[in-house]
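> Need a 3D model of the following:
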Amino acid sequence: MSFDTDIVIAGGGLNGPTLALALAGAGLSVTVVDPRPAGDRTGEDFDGRAYALALASQRLLSALGLWGDLAGVSQPVRQVKASQGQPGEGAARFLLHFDSAEIEEGPVGHMLEDRFLYRALLAAMAGRVTHLAGLSVEGQEPDASGIAVRLSGGRSLRARLLVGADGRGSGVARRAGIARRGRDYGQTALVAAIDHERPHQGIAHQYFMPTGPLAILPLPGNRSSVVWSETRTNADAIAALPDAAFLDVLRPRFGDFLGPIGLAGQRFSYPLSLSLADAYVAPRIALVGDAAHGVHPIAGQGLNLGLRDVAALAETLVEALRRGEDPGSDPVLERYQGWRRFDATRLALGMDAVNTLFASDNPLLRAARGIGMGMVTAIPALRRGFMRQAAGLSVDPMPRLLTGQPL
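Numbers count the residues shown, from 1 in each chain. Have a look, this model is predicted:
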């Protein structure tokens with residue numbers, strides 16, 4: 001049976017290209033079908049979009065040979081401080097404090113701008129991965145030996161496997177008959193980059209407020225990324241404000257611990273929901289990232305969960321090929337699903353529970369939350385366990401790429 005390519009990946013965001021590079025490095029031929037133009041998101045101008053990369057995700061990028069060029073434009077996250085708050089309180093008393101020095105494996109994570117990560121992936125794919133920019137997957141027909149993938153413009157490809165890395169509204173999943181479950185949080189995330197006078201010391205802050213959490217995440221220099229979750233009504237009104245008025249609303253929540261603040265880039269907003277696929281695989285189909293699980297940004301784990309999928313799927317497929325198995329066969333795909341589904345669902349529901357728990361302003365519940373957070377801070381074993389989870393070091397079994405080892 002002849003194939004145009006071993007693997008077709010629908011989606012050219014971050015998970016798709018990362019998976020493509022992992023598979024190509026192990027000798028598979030890979031085609032990424034990317035609806036966006038090739039030059040999209042590669043501009044030189046800072047726009048404020050950034051990701052919190054867990055330590056395990058940084059190790060994956062190292063294993064793919066990407067981190068050397070990215071390290072210099074990233075910001076290590078050395079500490080995490082969390083507190084309960086009310087609008088106007090700003091930096092309330094910190095009830096939870098993690099210091100990455102306690103896990104003795106380096107920073108718990110790194111903040112990295114979207115433009116740098118995407119540019120590095122795009123450059124690395126050149127000559128190694130077939131990148132079809134400006135096209136989308138519009139149809140798929142699996143059979144016993146492979147899958148026919150129909151692209152916009154009328155072109156078709158035959159492959160061993162189609163991977164859906166095409167987001168929460170995954171067309172690949174929908175056409176495969178994979179249903180989704182979840183709920184709308186009634187919240188919108190307001191995202192912006194902020195200049196501030198004082199250095200942040202590599203400390204990430206998380207304020208839990210009744211209308212939604214506010215994260216202040218350190219970027220290189222005297223800049224931080226703000227991910228501010230608000231009720232949809234409040235967020236719509238705030239998003240409509242001009243920049244100066246937006247800052248007037250943000251300042252009482254942000255606090256003055258970093259001195260005067262100002263906007264450093266564009267403002268973005270997106271609605272928040274929980275969206276879990278009922279299955280991660282179907283005949284000749286596998287899902288990764290948001291196509292499998294769209295989560296609340298409360299712990300900044302969305303991209304990290306996707307990269308866990310990438311690491312597990314790449315290892316599963318490469319090992320199958322080396323054993324002489326068909327990498328797109330049902331038994332191989334079931335191994336991937338068994339590896340990832342429980343871990344991803346557990347973390348997604350855990351973030352859902354934390355958001356629900358901290359959204360209540362009941363005084364008794366606030367007191368109980370404060371006691372619980374204080375206990376975690378006071379007990380070293382609990383504290384280190386939470387830090388290892390945030391760093392992505394608690395996956396069992398751990399995919400090789402997440403330990404920094406090549407496939």
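
> Tell me where the stretch 101-250 of the chain has helices.
Here the stretch 101-250 of the chain has its helices, by DSSP state H, counting those that start in this stretch, at 114-125, 171-175, 232-239, 243-254.

> Out of these, the one nearest residue 277 is which?
helix 171-175 (5.7 Å; C-beta to C-beta). (C-beta placed from N, C-alpha, C; glycine too.)

> Please enumerate the strands of the stretch 101-250 of the chain.
Ranges of strands in the stretch 101-250 of the chain, per DSSP state E, counting those that start in this stretch, are 109-113, 130-133, 137-142, 147-151, 156-159, 161-164, 180-196, 203-208, 214-219, 223-231.

> starting at the chain centroid, how far to the first one?
In this case it means strand 109-113. Per C-alpha atoms, centre = their mean, to the nearest Å, the displacement of strand 109-113 from the mean C-alpha position of its chain is 11 Å.

> Quick check: mean pLDDT of it?
Across strand 109-113, the average pLDDT comes to 94.

> contacting residues around that strand?
Residues outside strand 109-113 that contact it (C-beta atoms under 8 Å, 6 or more residues apart in numbering) are 46, 49-55, 57-58, 70, 73-77, 217-220, 225, 300, 390-391.

> For these, which ChimeraX command selects only the ones that are buried?
The command below creates a ChimeraX selection of those among the contacts of strand 109-113 that count as buried (16 or more other C-beta atoms under 10 Å):
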select :46,49,50,51,52,53,54,55,57,58,70,73,74,75,76,77,217,218,219,225,300,390,391
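
> Would you mind finding the most buried of the strands of the stretch 101-250 of the chain?
Highest mean neighbour count among the strands of the stretch 101-250 of the chain (mean count of other C-beta atoms under 10 Å): strand 161-164, with a mean of 30.

> May I see the strands of the stretch 101-250 of the chain organised as CSV, with distance to residue 319 added?
Listed next are these as CSV, based on distance: least, C-beta to C-beta, whole Å:
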stretch, distance to residue 319
strand 109-113, 28
strand 130-133, 23
strand 137-142, 22
strand 147-151, 21
strand 156-159, 19
strand 161-164, 14
strand 180-196, 29
strand 203-208, 36
strand 214-219, 36
strand 223-231, 37
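
> per-residue confidence for residue 364?
In the predicted model, residue 364 carries a pLDDT score of 64.

> so residue 64 makes contact with residue 20?
No - judged on C-beta atoms under 8 Å, residue 64 makes no contact with residue 20 at a distance of 10.2 Å.

> The two - which one has more neighbours?
Between residue 64 and residue 20, residue 20 has the larger neighbour count (other C-beta atoms under 10 Å), namely 29 against 22.

> thought the more buried one was touching residue 9?
Yes - using C-beta under 8 Å, residue 20 is in contact with residue 9, at 5.6 Å.

> now the residue nearest in space to the middle of the chain, what's its secondary structure?
The centroid of the chain falls nearest to residue 303 when counting by C-alpha atoms, centre = their mean (1.3 Å). Secondary structure state of residue 303, per DSSP: H, G, I helix; E, B strand; the rest coil, is helix.

> Now do it, the pLDDT please.
pLDDT, residue 303: 93.

> If I look at the nearest residue to it once chain neighbours are set aside, what pLDDT would I see?
Distances taken as C-beta to C-beta, 6 or more residues apart in numbering place residue 51 nearest to residue 303, at 4.9 Å, with adjacent residues excluded. If you check residue 51, the pLDDT there is 93.

> between the strand or helix carrying residue 51 and helix 114-125, what angle do the directions make?
For residue 51, the host element (DSSP states H and E) is strand 50-54. Relative orientation of strand 50-54 versus helix 114-125 (axes from the mean of the first three to the mean of the last three C-alpha atoms, to 10 degrees): 70 degrees.
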